[in-house]
Structures are given as structure tokens and as C-alpha cells.
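K.L.:
Could you work out the structure for the sequence below:
(6 chains)
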6 protein chains.
Amino acid sequence: MSFVRPSGRTADQMRTVSITRGFTRHAEGSVLVAFGDTRVLCTASVDNKVPGFMRGKGEGWVTAEYGMLPRATHTRNDREASRGKQGGRTLEIQRLIGRSLRACVDRAALGERTITLDCDVLQADGGTRTAAITGAYVALVDAVRWMQKRKDITKNPIIGAVAAVSVGVYRGTPVLDLDYAEDSDCDTDMNVVMNDGGGFIELQGTAEGHAFRRDELDALLLLAGHGCNELFAAQQAALAQA
Amino acid sequence: MSFVRPSGRTADQMRTVSITRGFTRHAEGSVLVAFGDTRVLCTASVDNKVPGFMRGKGEGWVTAEYGMLPRATHTRNDREASRGKQGGRTLEIQRLIGRSLRACVDRAALGERTITLDCDVLQADGGTRTAAITGAYVALVDAVRWMQKRKDITKNPIIGAVAAVSVGVYRGTPVLDLDYAEDSDCDTDMNVVMNDGGGFIELQGTAEGHAFRRDELDALLLLAGHGCNELFAAQQAALAQA
Amino acid sequence: MSFVRPSGRTADQMRTVSITRGFTRHAEGSVLVAFGDTRVLCTASVDNKVPGFMRGKGEGWVTAEYGMLPRATHTRNDREASRGKQGGRTLEIQRLIGRSLRACVDRAALGERTITLDCDVLQADGGTRTAAITGAYVALVDAVRWMQKRKDITKNPIIGAVAAVSVGVYRGTPVLDLDYAEDSDCDTDMNVVMNDGGGFIELQGTAEGHAFRRDELDALLLLAGHGCNELFAAQQAALAQA
Amino acid sequence: MSFVRPSGRTADQMRTVSITRGFTRHAEGSVLVAFGDTRVLCTASVDNKVPGFMRGKGEGWVTAEYGMLPRATHTRNDREASRGKQGGRTLEIQRLIGRSLRACVDRAALGERTITLDCDVLQADGGTRTAAITGAYVALVDAVRWMQKRKDITKNPIIGAVAAVSVGVYRGTPVLDLDYAEDSDCDTDMNVVMNDGGGFIELQGTAEGHAFRRDELDALLLLAGHGCNELFAAQQAALAQA
Amino acid sequence: MSFVRPSGRTADQMRTVSITRGFTRHAEGSVLVAFGDTRVLCTASVDNKVPGFMRGKGEGWVTAEYGMLPRATHTRNDREASRGKQGGRTLEIQRLIGRSLRACVDRAALGERTITLDCDVLQADGGTRTAAITGAYVALVDAVRWMQKRKDITKNPIIGAVAAVSVGVYRGTPVLDLDYAEDSDCDTDMNVVMNDGGGFIELQGTAEGHAFRRDELDALLLLAGHGCNELFAAQQAALAQA
Amino acid sequence: MSFVRPSGRTADQMRTVSITRGFTRHAEGSVLVAFGDTRVLCTASVDNKVPGFMRGKGEGWVTAEYGMLPRATHTRNDREASRGKQGGRTLEIQRLIGRSLRACVDRAALGERTITLDCDVLQADGGTRTAAITGAYVALVDAVRWMQKRKDITKNPIIGAVAAVSVGVYRGTPVLDLDYAEDSDCDTDMNVVMNDGGGFIELQGTAEGHAFRRDELDALLLLAGHGCNELFAAQQAALAQA
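P.N.:
Sure thing, here's the model as predicted:
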């Protein structure tokens, strides 16, 4: 068969995933996650208060911010701090990360605390948002363990695991975990966030140009399920280390 | 059966949809679209140039902006112009509208022109983004007809129709076209953008809280297909009038 | 006589004025006002607190915000929310609307509440600020009636009526209620805000180019008085409906 | 008679006016104008190009910017540069100054040049905008003389003189040239910009609280005419010096 | 000898320094300082509260803001308030002024008060930041005397004097107090802030282009010491006047 | 003797310095520099154009931007992109880095190109700006080698090396290369940028609180010279690797 992915991977093959805990020292959770050449630093910061709209409810909050270093990409992008605002893509991604991680947290068990997940892309090669969600989950668990160790909380607020992967139709074939070469040359692109019970937390599929049919969607969701299972295993392996 | 939607609708029943062309006079296309109490004014403006990144390619561009009047909602929201920036939700929605409408345009046939779709919510009751996409399609067609009448373009750049509807799991039951009462009290919410060939252009499903299973997803997509078919009929009926 | 206004109106003839109450559902007052082709949606929102500089005085506050939909005009204007700031013209108009409406309110009778008048231009054909003031008055009265019905206030804080009209010297002749064609081709333009006791609340006359003489001013003020009287009648007629 | 102005002035008496040319060295025109304790530095800067919307018309442009030093006033105001935007009052005033000065310039004779009038308030005691207009006129003439001396222009673009003064109803009596004590305690306040032919260029009257009657308006306009005549004399005296 | 400074001064000669107290009326301290043609208005404003990060410590705060009128310079600079942000140079200078003045204040003796030093350049000819520091010291002392007179404070919080001067290597020769002609054509430029005990408070030396050697540094510091001594004398003379 | 640095280092001992080239893939130069626990990613990006103010001179430009990840520090700092502006400290540091690196570049040899040095702090423990300058030099050299390899330039534009180190008086003793514990508890802090010819490029000494004497300054400069020599050796060792 003549179908070849630019990376030589098979259609259902993820890039090499690595998850390094304790990448920096100050954060309560600090994880460097790599999906192939995509590398994202995810830190979890615990703050003993909640935003105004959450005050007095006895519940916590989990939020995320996303950034990309100016030269994480092939050509340099303007620094958002210098331009004076975060772009639409950035806001969209950080809202997605926040919603995804909130889906695995029992906010009552967290108490009136905020955990902020900062996901900063050091190097980009496609799939930065899915890597960010996958890594941020591990940083979140580390921050929770830190609180447990200090006996700040008594009940574990983590309910299940969350991971994310992209899938897409590349030159007519559904493939798993798009890299930049595929992402910039594909008809349909979908980011899938799942929990380890097999449920969907977020589905974001886009077909700028050619619409996707129902059978393509089914194939993509199947691939995404396989990918997330690999990611749950990688998360657990990383968290099992001392 | 005890399941009752707040509006009394059946699970697969859309709200009353109305599409009024020529709602204001100056724009090349001007449509007031209503999905029940949700009312959005969609205008299409033609400009004989393209943004910098498109220049010299001989192709056109379609983009969208979204806004909500401060008192379109139950309680007043700050005016974004006064706060000095558009929020993440606004940017996310207007990017979605732009991508959706570009999916039905042959940009080469459009030539080096930009069509801007302004979608301003006069009254909100859930589903503003799906109403906006559905109405913006009609405004876009009117703007194209205006160009054809002036003989600015020779080939019709519109390829198929685009419409959008929301679906969600409300108190355990998949329902079509969520209104505000359902939207603010539902586990899963999905916005589905389709073309009239039955293809998916955008899928945005969110489960903040409880993840959705594959069988729920299937039921939701079925409902969305029904809903979009009704919307395509409403668009055609509106466009058939003088 | 050879003098002809572009619209065919006589010099002292206003455009058709219409005032529609309850145009949208959520606001405490919601009025669509039309001066010919100029259409402005005016909503009044009641908030049970006052800005910092008014706190603790036992008095209320009335303020206004003004906006124009991007395609309310012949050619599309940039969206202020997207540009990141309100322009000088916008700020000037909303300050004028706020001052004008405060002139008919007994702030002690209002109590520590803020009423915000949002005036959003759906379609522009000259005189948007005068239509906004005239319509905002009706929305304000509706919001006051809403508070009275709920027994939030015991004394009616409305003291008299307020309306506004533009006058100008068009091709040498003083005329009433300028439309866009006249406004963009006239030497002197004056916006006059009056109360129903015949007093002046605001006078803003501008002669960019040719200065106006005292006799012209006298003629303009006479026309404005006539116009405002018509507007007071239209306001009362609208408010007399159920 | 018991009527006493806080300053002891008679009702039709202006404060001492002084106009100092060449107050700073770099600007093409640089004038310190004082209306009593109100002191404004007005500079005129010549630039050999025009803004985009004026390009290619063979005409010049005159514009103004207004600022107030943070401690020009009794209590310190935030610095607008630090807050990140100019307030509505500032924008309104600088638009007024710009329009007023454009009224005395033949833009064709100016050629494709921009003259920017910067009016910075060093000390405020009421009437800063009227002092600014009066002083800016002198700075503008000096800038024109500088261009004439360099033979940049052949025809004098200045057509007549422009000056401005405030008038108001203070405790029931119409008075000329309000100082801060009067301004902050008066029913009606009007800024009047005139040319030396007796024509009105701008009228901005405000009655926040009590409306003014036609006879009060007549009295105010009479006072303003007297005041402007004094100011034209002061301008000519200043300009007659070497 | 052939070395000649553009101004004709000797290498160790400062420009004429003048310090005028009470230049404006409202501020608690108001000083116009001139170093030759460089003229800076320095005002000190007392506020009976401190910023958030200082609250509850029983200590005061001293801070500074710096601005330059648009036409203080040879060619007009954009107004920072209009551009919507303060530039890097402005922020850098106002941070320097603030740190320098805090070095001569016993913050406990000041109590929970803030003194804001506004330094606005009316005319620039090099050395605006050093003139600003030197003048701001005198304004600060005047504000302290005002508080002492009102018996707001019992202990004098001023500990020693602070002054600043620039030095640089101009065409190979170390010179004192650079004016604009020297500043824009010199290899090394250093701003030196000292106290009247001979100690260094700030040293900011820059060699964009050619680095400076240790012996040049020694010569520059010697010149700076001489210059600051002259400035301390000028400050004392000004403060000795009624 | 009882003097002990928090880290146990001797007064003239630097932290362990490491310089890793090729840390990320896309940039023309990419260096991770560590001064102990301070870690900064420095990338150099080549762009074949220059900013407006440099156009047409046949010379290149070197500029820098600085950022700190929100959780690089002990407690989380707000993200500057989210706040909508870079703080004064950030602007000051990036201006310093830019000036420092320009001091070792022959801009004519560079041609009309811009090299942007992005210095992003991944982990902070004092001395981030000195580490940034030291690392950015290596990234700059790598970018130049990349251009030489492509034969974009014929003459090497690098003239000498640049490195930077901080020195300070900690509890009365002059020490080299302050870490965070020392930095936050020291009287005098000086950042010294030198070239490998022993010349000073930048000196920035600050004594908020207690001024430093001339003999202390001499001791600090001596330490800085030692430190920079170590850094030049580390830079050369890193650059000698393949």
C-alpha cells in the first residue's frame, strides 16, 4: 500500500510520548511532556483562594493558561505580552485545557482553593493542546499529592484521569496524533479529550474545506480511543515513580 | 412519560425559526434570524481587498465578528468595547462562525474580496452561535447575489449550504436546539455545523462535569442531522422570496 | 421656491418618528426608536448599587453607553470591541446621553441604584444621538415603572421629560432634524436637548468651516423647540399604551 | 447689591489674561496662556505630511491633543499615560480644540502639512479648554509665520482669529469666565468659541440639573461676545511683539 | 588645546542650574528645575494611604512618575497617553527616580502615606532624568515641610540629600553634565545618583558601541562627585529661601 | 571568620554555570543557560529585514525580548500576556539585553537583517538577566554561524564576547553572583556587563536603602571581572563543541 505518513508512522501509531515530573523546582506540580518533538512545560500552582464568582461556595476552581515561546515554531511569532493581548487561538486553547481538567476534579473536595495550570510550549510540532492537557493532568495530580502531604485536604479531589489526542483525515486516511507536517496539510482535524472510563469530555472537530462523513468520524473516534489509552498508561507510569 | 422540557417541546423539536432578509438597508446582506427568543442580526459586508496574509493569491476571504448587546441577556453584561477587549468566548465564537462559512465558499471564484459577517445578538435565549451561523449563511448568499447583479463576479462562489444547531443531554435525555433554561442545566452540550450534503463541518462537544458515552454521541448527532435539515429548508424558503 | 431638502421634507418637518416599547424581553426598559431610517435600540438596566464615587450618599446614578453596529452605516466601520477602545465620538455621545437623562431624574428619589441606558444603533441615517436620547427617556420611564410595580421605590424619580433633535443650516436655510445626506453637506450642525418645560439641557453647535451668526442661531433654536414638542408628544403617546 | 463672585470680580469681568510667546524653544509655535490661575502650554508642531484620510487632496490638516499634568489640580489625578488610555473628557476637549482651530485655517493654502496643537495644562483653575483654544491660536500663527519665513508656503492660511471663553449662570446670575470655584457650583456652564467676525464656531452649553431658559442663553451669549473681544485684543497684542 | 564641547563649557563644568520652588500652586511641593535648557516640573503629592503591598506595615512609600510633553524635544514625539502605554524608557526612568528618592526617606517616620513625585519635562536638552531627581528632592522636602507644618508627622523623614548628574566620554574626553548635542554623539554615558555623604545610590553606565575602561570609569566618577556637590549646594540654597 | 553565604559558597565563587546549545530545534541559535538553579532559554531568530528606523542604512539590528514563565518563581506571577502589558522590570531587562549584545556586533557586517534574542526564564533563582546576556551571546554566535554556513554573510559580524554577572554587598561583604536568597536581602546590587577585552559595557548599581562607598564599588568591580572571565571561558568551551 502506498499510504505513507511524513514521519513513517502507521496510521494508528502515536509519536513517542515522554512525561518528566519535577522539571522545575518551585511549582507544586511541574511536568515536561513530549509528544515527539512537541514539548510543553506544564506547572500546577496552588493558591488558597478562589476567583470572585466562586467565593463562599465551599468549592475550589481549576483554571489554565497557555502560552507559546516566540521561537517554539518554525518561524518566530510575536510575543503576546509584547503585542498587549492574547490571541483568539491562545484563549480558545486555555479555555479548553481548563474545562478538560475541571472534568476530573471534585471541586467540593478541593475546598476554596485555585489550581492554575500553566502550559507553556517550549517547542511545537503539532498537537500542543493535546500534549498540554495530558501533561497538565500529571502536574495536577502532583499538586494534589503535595496538598495531601501537607494535610491541607483530606479527601482526594481527583476523579479519574484525563488525556487528549488529535486525530485527522490525512490524504484520505484517518490517522492518529497529527504532527505539524500532517496538521498543516489535512482536511479534517479533531481534538478528542477523554477520561479513563472511556467517556468523551471534549470533541472539537474542524473541517475547513471538505466536510467529514459519519464513517470518517467513527474511524477517528476509534483511533482517539486507542491513543488516549496509551496516554493513560504513560500518565500512570510517570505517576508511579517516586 | 415524565420527561418534560422547560418549553414543553418534544426532544427532537426545534424552536420556531424565522429568517428575515433585508432587516437593515446599508449592508449587502442583512438578515435577522430567530431561533425562538434568540435573535441575531447578521450582516454581510463586501470589501474589495483581502487581509495582508491573503494578498496576491487571487483568492478571497470570509471572516466573521460576533457581539452581544449588553442587555441581550437576563442581567446586563459589560460592553466589550468599553472593557477594551473581546472576551475569550466572543473570540472563540467568531472564529467558529468564520471557519463554518468559509467551508461553503469557493475562494477562487470570490476573487480578491473580503466578506465580513457581523453577527450581533439582540436578544439571547441559548444557541446564539448556531443561529448566527444559520443566519450568516443567508446574508452571505444575499451579498453574493448583490455582487452577481453588479457583475463583479461571474461564477457563483457558494458551494452548498451551511447551518448549525445545538444538541445536548438534558436530564438524561438527548434533546435538540437547547434554549437558555436547558443550556444552563445540562450535562453535555454540542454545537454541530453541517452542510446540506450531510457532512460535518464543525463538531464542538463539551462535557464539563459528566463525560458522554459513545451511544449518547450517536443520538446527539442524529438529532443534529434532523435539526440542520429543517434549517436548510428554512434558509431555502427565505432565499426563494423576492 | 427652489429650496429642496434631499428627502423632500419642508424645512421645519421632522422625519417620521416611531417609538416601540418592549422591543426585547430581558431589559427593564427596551425601546426601539426610529427617526426615519435611523433606528436605535435603547435599553434601561437597573442595578441595585452605585459606582464608587456615589456610594453612601443615598442617591442614585444614571449613565449611558452608546454603540453602533459595524454595518449600521453605508460602509462598514471597525468594531470598537475589536479595536480595543471606544473612539472619541462614541465617548462624547455617551457622555451627552448620560448628562441629558440625569437632568430629568431626582436622584434622591431613585435611591442607591444605577440605571444604565444602552443605546445601540442598528441603522444610521443621521441624528443617532438625538434619537438615542429621545428613546432612552422612554426606556428610563419603563424601568422606573418596573421598580414602582415591585415597590422598590415609593416616589417617582422622573421629573419632566427630555427629548433631543438636531438642527442645522443646510445650503443657507435652517432646517430641522438633519438626515445623513444633509448632515454630511451642511455648514452648521446643532444638537439641542430640551425638557418639556421649554428649558435647554444641552446645546452643542458646531461650525466647522463657516461660523454661524446670531440670527441663524435664533432660527435654529426656534426649529428645535418645535421639533422637541413633537417628540414629547410621541413619547407620551408611546407611554400611554399598555 | 449682594451678589458676589468668589474672586470678587464683577459679572462681566474676565480674569487677567496673559499670553507669552516663545515659552519653550523647540516648537514652531510655543505659547503659555494664563486665564488667572489657569495656565496652559500650547505648542504648534509642523509636520510635512497629512494623516491617511487626507492624503492626495492637496490640503493640510490641523489637529489638537490635550493633557493635564497629574498635579495641575487640587488633588492629584491619575496620569493618563499610566492608566493606558485618555479619558472621555480629554478626548472631547481635544476634538473641540481641533475643530475650533480648523475653522480659521484655509487648508488648501496650508498644503499637505499637519499642524498639531498640543495643549498641556500646567495649572488648572477652571476654563482650561477655553484658555487652550485662545493660546493655541497664537501658537498656530507663530508656526505659520515660521513656515512663511522659510518660504514653505506662499499664501497665509490663517483666515481670521479664534478665541474661546466660558460663561455660566452662577447662583442665578450670568457671569463671564468661570473659575474653578464657580464652575463646580454652577447650574449652567457654556463654552463659546467665536471668530473675530462675531460668528459662532462652537457652542457647548450644559445644564446638568436645572435647564436654562432662552433669556439666560441670550445673556450668556452677550457676555461671551464681550469676553472674546477682550481675548482677540490680547492675542493681537501678543502677536504684535517681536 | 583643541578639545571643545559644543556649548563651549570646560570638561568639568555644569550647565547653569536653577531651582524654582512654588512653581505651581496646588501641589504640596512644586519645583521647576533647569539644567541649562533642560526644564523639568517636579511636583510632590501627599496621599494618606499606601499601595496594597505596603498596607499594615506602618511605613510610607515614595514613588515617581515621569513624562515628557510631546514637543519638549526637537521633533514631536507621540503622546504616551494617546498611544495607550508608557514606553520602556519612561518606565525605566520613573523607576530610577522612585528608587533614588526612597534612598533618602525614613519610611517609618513618614507613616502610612504615599508621596508621588511627578516629573514632567517641559523642555529637553539632555539630562532630563538627572534634573528630575535633583528637582524632585526639593519638591519632596517641601511636601515634608507642609506635613510638618500641619503636624501630620512629628519626626523628619528626610535622611540626607539626593542629587544626580550625567557624565560621559565625549570624543575621548570625560565630561560632566552632557547636553543633547553631546549625549547623541558620545561613546559612554553614565547617570550617577549620589547622596550628600558621598555615597552612590545608583550608577547606570552604558557603552553602546565602545566599552569603557576602568580608568575612564574612575575619571567619570570623580566628575560626577564634583557635579553632585554643586547640586547639593543649589538645593540647599533654594531650600533656604522663604 | 563567621561570614557564610546561604549557599555555602565563598565570596568570590560563582554558581555552577552550564551552557547547552541546540536546546530546541527551530531557532537559528538555541541555548539553555544555567547559573545554579536559574535557567534561561535563549533563542536567536534571524529575520531578513530591519525595523523602520533602520531601513535603508545597510546595517543590521539586534534586539531582545525577555519573559518569565508564570511559575518560574517561588510564588506564581501573573502572565504578562494575560495582563495585557509587559511590566517596567521586563522592559528594563530586555532593553539591557539588547544594548549589551549590540555592543559585540558589527552592524554593517550583519547587513539589513534583524537578530532577535528571546530570553525566557524557565526557573528563577536570582541573576536571570545576567544569565540571559551570557546565554544570548552563545545563541547569537550560533545564529551567525548558521548565516555563514548558508553564505548569507561573508564577514563575521561578531566582535569580541559579552558576558554579565551580578555582584553585591551581602551583610557587609562584597560577593559574586547573587542567588535569590542573597538578592532579596542585600544592600547593594550591581549588574556588570563586560566584553572579553576587559571593558565595561553596562554598569547598573542600585542601593535602595544604604548607599555604597567608593571602596565597595572597587571591590565589586574586581569580583565582576573575575566572574566574567569564568563566563567567557564557559562560553568558549560551549562554542568549541560540534
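K.L.:
Backbone dihedrals for A:R129, please?
P.N.:
Main-chain torsions, A:R129, degrees, to the nearest 10: phi -70, psi -40.
K.L.:
likewise A:G36?
P.N.:
Per-residue torsions, A:G36: phi 60, psi -130 (degrees, to the nearest 10).
K.L.:
Near chain F, which residues of chain A? Just list them.
P.N.:
For chain A, the residues in contact with chain F (Cβ under 8 Å from any Cβ of the partner chain) are A:24-27, A:30, A:37, A:39, A:41, A:43, A:45, A:47, A:65, A:67, A:69-76, A:79-82, A:84-86, A:90, A:116, A:118, A:120, A:122-124. In this view, the C-beta of every residue, glycine as well, is placed from N, C-alpha and C.
K.L.:
Restricted to buried residues, select those residues in PyMOL.
P.N.:
Only the buried entries of the residues of chain A next to chain F go into this PyMOL selection, using 16 or more other Cβ atoms under 10 Å in any protein chain shown:
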select buried, chain A and resi 24+26+27+30+37+39+41+43+45+47+65+67+69+70+71+72+73+76+79+80+81+82+84+85+86+90+116+118+120+122+123+124
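K.L.:
The residues of chain A next to chain F in strands, which ones?
P.N.:
In strands, judged by DSSP state E, the following of the residues of chain A next to chain F are found: A:30, A:39, A:41, A:43, A:45, A:47, A:65, A:67, A:116, A:118, A:120, A:122-123.
K.L.:
mind putting those residues in TSV, pLDDT and distance to D:G58 included?
P.N.:
Shown next, in TSV, are these (pLDDT from 0 to 100; distance: Cβ to Cβ, whole Å):
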residue	pLDDT	distance to D:G58
A:S30	98	64
A:R39	98	58
A:L41	98	58
A:T43	98	60
A:S45	98	61
A:D47	97	62
A:E65	98	52
A:G67	98	49
A:T116	98	58
A:D118	98	56
A:D120	98	53
A:L122	98	55
A:Q123	98	55
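K.L.:
Those residues: which two are farthest apart?
P.N.:
The distance between the two most remote of these (Cβ to Cβ) is 28.5 Å, for A:D47 and A:Q123.
K.L.:
roughly how far apart are the closest residue to A:D106 other than its chain neighbours and A:V46?
P.N.:
Closest residue in space to A:D106, ignoring its immediate chain neighbours: A:P157 at 4.6 Å, by Cβ to Cβ, 6 or more residues apart in numbering or on different chains. Remark: distance between A:P157 and A:V46 (Cβ to Cβ, to the nearest Å) = 12 Å.
K.L.:
A:S30 now?
P.N.:
12 Å.
K.L.:
With A:I19 instead?
P.N.:
20 Å.
K.L.:
Looking at these two now, which is surrounded by more residues?
P.N.:
Neighbour count, other Cβ atoms under 10 Å in any protein chain shown: between A:I19 and A:V46, A:I19 has more, with 24 against 20.
K.L.:
where along chain A do the strands fall?
P.N.:
So, for chain A - with DSSP E - the strands run A:17-21, A:29-35, A:38-47, A:61-68, A:114-123, A:162-170, A:173-176, A:188-195, A:200-206.
K.L.:
could the ones you listed be laid out in CSV, adding distance to A:A238?
P.N.:
Putting the strands of chain A into CSV (distance: least, Cβ to Cβ, whole Å) gives the following:
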stretch, distance to A:A238
strand A:17-21, 4
strand A:29-35, 8
strand A:38-47, 12
strand A:61-68, 19
strand A:114-123, 16
strand A:162-170, 12
strand A:173-176, 20
strand A:188-195, 18
strand A:200-206, 20
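K.L.:
Using a markdown table, lay out those strands together with distance to chain B.
P.N.:
Below are the strands of chain A laid out as a markdown table (distance: least, Cβ to the nearest Cβ, whole Å):
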| stretch | distance to chain B |
| --- | --- |
| strand A:17-21 | 22 |
| strand A:29-35 | 22 |
| strand A:38-47 | 19 |
| strand A:61-68 | 11 |
| strand A:114-123 | 15 |
| strand A:162-170 | 9 |
| strand A:173-176 | 14 |
| strand A:188-195 | 5 |
| strand A:200-206 | 4 |
